[in-house]
Every structure is written in C-alpha cells, then in structure tokens.
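Undergrad: A structural model of the following input is requested.
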Amino acid sequence: MIPFVEEENILREIGKRNKRLRIQIHCVALGYGSSLLEKLAEQSGGTYVVRQ
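TA: Numbering: from 1, shown residues only. Okay, here's the model as predicted:
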C-alpha cells in the first residue's frame, strides 16, 4: 500500500472510495484551521469546526 501524504491525493482517494460508501466525514481542528479537514468535510457532506 502506498502512503498518501499529499492533500490532493488523500482527497482523491477518499472521494473515490466514498462514492460507494457515502459516509459523511465530520472534522474538528484544534487550535489552527486545516484545509485538508475542511475539504474532507465539504467533499463528504460533513461539517468542519475549528476550536481554539
């Protein structure tokens, strides 16, 4: 298995797998915002929250 470390690769792979599974991904970033977490939530219909 090839590790996915680049944001675009992670989003692409999860998007491909989630077309069938249709799982909402809810994300919480602690302290600082995360574009990866924000995009994961958006792409899957989940919610994204930043907590300080």
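
Undergrad: Every contact and neighbour count from this point should use C-alpha atoms.
TA: Fine.

Undergrad: Beyond the longest helix belonging to the chain, next helix or strand please.
TA: Using DSSP state H to define each element, the chain has its longest helix at helix 7-21. Scanning forward in sequence from helix 7-21 by DSSP states H and E, the next helix or strand is strand 27-30.

Undergrad: Using PDB, list the CA coordinates for that next one.
TA: Provided in PDB are the C-alpha atoms of strand 27-30 (Å, rounded to 0.1, in the frame of the first residue of the first chain):
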ATOM      1  CA  CYS A  27     -13.900  17.200  11.300                       C
ATOM      2  CA  VAL A  28     -12.700  19.300  14.200                       C
ATOM      3  CA  ALA A  29      -9.500  21.200  14.000                       C
ATOM      4  CA  LEU A  30      -8.000  22.100  17.400                       C
END
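
Undergrad: can you list the residues that contact the helix or strand just after that strand?
TA: Next helix or strand after strand 27-30 toward the C-terminus (DSSP H and E): helix 35-44. For helix 35-44, contacts defined as CA atoms under 8 Å, 6 or more residues apart in numbering pick out 7, 11, 15, 18, 22-29, 46-48.

Undergrad: quick one: least confident helix or strand in this protein?
TA: Averaged element by element with mean pLDDT, DSSP states H and E, the chain has its least confident helix or strand at helix 7-21 (a mean of 92).

Undergrad: Next, the angle from it to helix 35-44.
TA: Using axes from the mean of the first three to the mean of the last three CA atoms, to 10 degrees, the inter-axis angle of helix 7-21 relative to helix 35-44 is 30 degrees.

Undergrad: thinking again about what came up before, which of the contacts of helix 35-44 are buried?
TA: Buried subset of the contacts of helix 35-44 (neighbour count, 16 or more other CA atoms under 10 Å): 11, 15, 25-29, 47-48.

Undergrad: just for the chain, where's the confidence low?
TA: Low-confidence segments of the chain (pLDDT under 70): 1-2.

Undergrad: let's go with 90 and repeat that
TA: By pLDDT under 90, the low-scoring segments of the chain are 1-5.
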